[in-house]
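1. Structure, please.
(one chain, ligands or ions: 1)
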Amino acid sequence: MVSGRFSRSMMLFEEANRYVAGGVHSNFRYREPHPIYFSRARGSRIWDVDGNEYIDCVINMGACILGHGYPKVVDAVKDALDYGLTVGLEPDIGVEVSKQLSRMIPSAESVRFSNTGTEAVMHAIHIARGFTGRYKIAKLEGGYNGWYDYVLVSSHPSIDKAGPPDEPVPIPESAGLARGVAENVVIIPFNNIEATERIISNHRDELAAIIVEPVMFNSGCILPREGYLEFLRKITREHGIVLIFDEVITGFRSAPGGAQEYFGVTPDLSVFGKAIANGFALSAVVGKREVMESVHPKRGKVAYAGTYNSNYISLAAARVVLEELRDGKVQKYLHEAGAKLAKMFSEMIEELNIKARIQHFAGKFQVYFTDREVVDYRSALACDSRKYSVFQESMLNSRIYMLPFHTIHHGVTLAHTEHDLESISSAMRRALKEVKDRFAG
Ligand SMILES: Cc1ncc(COP(=O)(O)O)c(C=O)c1O
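-> The predicted structure follows:
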């Protein structure tokens, strides 16, 4: 990082350290030698506190789908301020937005709101446990489903601790998690039907739920192999396990009804967040009525509460966002934008003769330095991270904001224009040349 360009960020980091542990309010934002502090965002652009302008390919970890400060959403939120935030009663708009979700998402017979993806995942797991009377949870190695104890396991484990690829060992990702997490979480390898079948069968009578990101963005951008999601649907149905799709990122990018519509596989429960309100704090647990009835205040046994649940501001944003996403035009644009970027990238690597690939889905992408298809966490981890660092640093110097981790995702929004895509592509060409010069191929 060129420090002169980031002098205010550096100063702010020094000051932040006096008041904020590590200078950041989310550990993902921490960078050496200092984080970048942002001051403004609009459309496809962000500006840092030093006035540097970037084309944003992080888009708040996928939360923005329409672009920063989308005017109709901003207007709706401004209007909503006159109504109050929450009063401890249900707002009428909650019914309207639930109806919108129900009409869009195949599995959404019933809806409950919460505020963050993590909260929605916690609720979904409580519901699955309450519904089945079982306790264990299965999740993907390399999958991130938020910071609830029972999913903050084997998100990005170190390979020397993670056990055999077809029998991954659960590795807690943090100190301070609930006791028994490792004994009660079962880790499955994405896209490996044989291993998944064996692991699930071994725990079939104890498993309350399997939670999966239908496209594993938290190891970059890894698509499900043909038949994998269908297989999960089949095996969970056979063993009475609740299938939870974590659509916090796939939600609304893949199709108006999420990845479940796109891939034609309907889970029992799903969680949505991020794009649902174009980045305003809103999430939802949706699912089959029979399962969701577990939180019914009279008939169910599972607790569900939250002071800020269904607050007017977030729902006002969501109402507009869902209206924009309903007819599939935004998703079409995103799929095409991702495909264009991927085409330009593939031509470059061919021309420059570099071992690299771009994997993309619905306008999200990741660049991997490898000549093999990335199909799971381990194949993502095996890619050349030193080359990726040179690539990312060069992208940043070209004012394209990407993250310094090769096992994480990037993307574009409706606000990214053709011209933005060309700028990203030109920056990629420079970055690939730098990688080639530095590593001689
Ligand atoms: C797939 C997935 N699920 C859940 C979460 C947690 O969402 P939140 O950060 O809103 O708690 C994330 C966050 O990045 C995510 O990527």
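2. Up against the ligand, what does the stretch 251-400 of the chain have?
-> Within the stretch 251-400 of the chain, the positions adjacent to the ligand are G273 by Cβ under 6 Å from any ligand atom. Every residue, glycine included, has its C-beta placed from N, CA and C.
3. If you count neighbours, what's buried in stretch 411-424?
-> Going by neighbour count (16 or more other Cβ atoms under 10 Å), the buried part of stretch 411-424 is G411, V412, T413, L414, A415, H416, D420, L421, S423, I424.
4. Most widely separated two among the residues you listed?
-> Greatest spacing in the buried residues of stretch 411-424, by Cβ to Cβ: L414 and S423 (16.7 Å).
5. Look up how far E434 lies from R357.
-> Distance from R357 to E434, counting by Cβ to Cβ, to the nearest Å: 18 Å.
6. Next: E350.
-> E350 sits 18 Å away from E434, going by Cβ to Cβ.
7. Which one of these two is surrounded by more residues?
-> Set E350 next to E434 and count neighbours by other Cβ atoms under 10 Å: E434 wins out with 17 against 9.
8. contacting residues around the more buried one?
-> By Cβ atoms under 8 Å, 6 or more residues apart in numbering, E434 lies in contact with V390, F391, S394.
9. Name the helix or strand for it, please.
-> helix 418-439 (DSSP states H and E).
10. How far off centre is that helix?
-> Here helix 418-439 is found 25 Å from its chain centre; the criterion is Cα atoms, centre = their mean, to the nearest Å.
11. next one: stretch 278-296
-> Counting by Cα atoms, centre = their mean, stretch 278-296 comes out at 17 Å from the chain centroid.
12. Also stretch 157-172?
-> Here stretch 157-172 is found 22 Å from its chain centre; the criterion is Cα atoms, centre = their mean.
13. what's the domain layout of this structure?
-> The record assigns the chain these domain ranges, following automatic domain parsing: 37-69+328-439, 71-325.
14. want to throw those domains into JSON lines with mean pLDDT?
-> Listed next are the domains of the chain as JSON lines, based on pLDDT from 0 to 100:
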{"stretch": "domain 37-69+328-439", "mean pLDDT": "97"}
{"stretch": "domain 71-325", "mean pLDDT": "97"}
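15. Let me see the contact set for the closest residue to the ligand within the stretch 251-400 of the chain.
-> Using Cβ to the nearest ligand atom, the single residue of the stretch 251-400 of the chain nearest to the ligand is G273, 4.8 Å away. For G273, the contact set (Cβ under 8 Å, 6+ apart) comprises A63, T116, G117, A120, V248, G251, L282, S283, A284.
16. in what helix or strand does the most centrally placed residue in the chain lie?
-> Per Cα atoms, centre = their mean, the C-alpha nearest to the average position across the chain is that of I249, at 3.7 Å. Assessed by DSSP H and E, I249 sits outside every helix and strand.
17. out of the contacts of G273, which one sits closest to D92?
-> Lowest distance from D92 to the contacts of G273 (Cβ to Cβ) belongs to L282, with 16.3 Å.
18. Okay, strands next: where are they in the chain?
-> If DSSP state E is used as the criterion, the strands of the chain fall at 38-42, 45-48, 53-56, 110-114, 136-140, 185-188, 207-212, 242-246, 269-272, 283-287, 357-361, 364-368, 400-401, 410-411.
19. Tell me which strands the longest one pairs with, and in which orientation.
-> The one in question is strand 207-212. Strand 207-212 pairs in its sheet with strand 136-140 (parallel), strand 242-246 (parallel), by DSSP bridges.
20. Identify the residue nearest whatever residue of the stretch 1-150 of the chain ends up closest to the ligand in space, chain neighbours excluded?
-> Closest to the ligand within the stretch 1-150 of the chain is G117: 2.2 Å, counting by Cβ to the nearest ligand atom. For G117, ignoring the flanking residues on the chain, the nearest one in space by Cβ to Cβ, 6 or more residues apart in numbering is G273 at 3.6 Å.
21. Just read off the phi/psi values of the one you found.
-> Per-residue torsions, G273: phi -160, psi -150 (degrees, to the nearest 10).
22. Phi first, then psi, for the closest residue to the ligand within the stretch 201-350 of the chain.
-> Residue of the stretch 201-350 of the chain nearest the ligand, by Cβ to the nearest ligand atom: V248 (3.5 Å). The phi and psi values for V248, taken as degrees, to the nearest 10, are phi -60, psi -30.
23. For it, give me its contacts.
-> Neighbouring residues of V248 by Cβ under 8 Å, 6+ apart: G62, G117, A120, V121, N145, G146, E213, V271, F272, G273, K274, S283.
24. now do E230
-> Counted by Cβ under 8 Å, 6+ apart, E230 has contacts V265.
25. Give me the distance between it and L140.
-> E230 is 16 Å from L140, by Cβ to Cβ.
26. repeat for A382
-> Going from A382 to L140 by Cβ to Cβ gives 17 Å.
27. the more surrounded of the two?
-> Regarding A382 and L140, a neighbour count based on other Cβ under 10 Å identifies L140 as having more, with 28 against 13.
28. so the more buried one bridges to which residues?
-> The partner list for L140 in beta bridges (DSSP bridges) reads I188.
29. Show me what counts as buried in stretch 21-29.
-> G23, V24.
30. end to end, how far does it reach?
-> With Cα to Cα, to the nearest Å as the measure, the ends of stretch 21-29 fall 12 Å from one another.
31. Is there proximity between it and the ligand?
-> No: judged by Cβ under 6 Å from any ligand atom, stretch 21-29 stays clear of the ligand, getting no closer than 7.9 Å.
32. quick revisit: could you dump the contacts of E434 to a markdown table with neighbour count?
-> Shown next, in a markdown table, are the contacts of E434 (neighbours: other Cβ atoms under 10 Å):
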| residue | neighbour count |
| --- | --- |
| V390 | 19 |
| F391 | 26 |
| S394 | 20 |
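33. Just list the residues touching the residue of the stretch 1-150 of the chain closest to the ligand, thanks.
-> Contacts of G117 by Cβ under 8 Å, 6+ apart are N145, G146, D246, V248, V271, G273, K274, S283.
34. repeat that with 10 Å
-> Going by Cβ atoms under 10 Å, 6 or more residues apart in numbering, G117 touches 61, 63, 144-148, 246-249, 251, 271-274, 276, 281, 283-284.
35. Buried subset of these, written for ChimeraX?
-> Entered in ChimeraX, the line below selects the buried ones among these, by 16+ other Cβ under 10 Å:
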select :61,63,144,145,146,147,148,246,247,248,249,251,271,272,273,274,276,281,283,284
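36. hmm, back to that, of all the buried residues of stretch 411-424, which comes closest to H68?
-> Closest approach between these and H68, by Cβ to Cβ: A415, at 7.1 Å.
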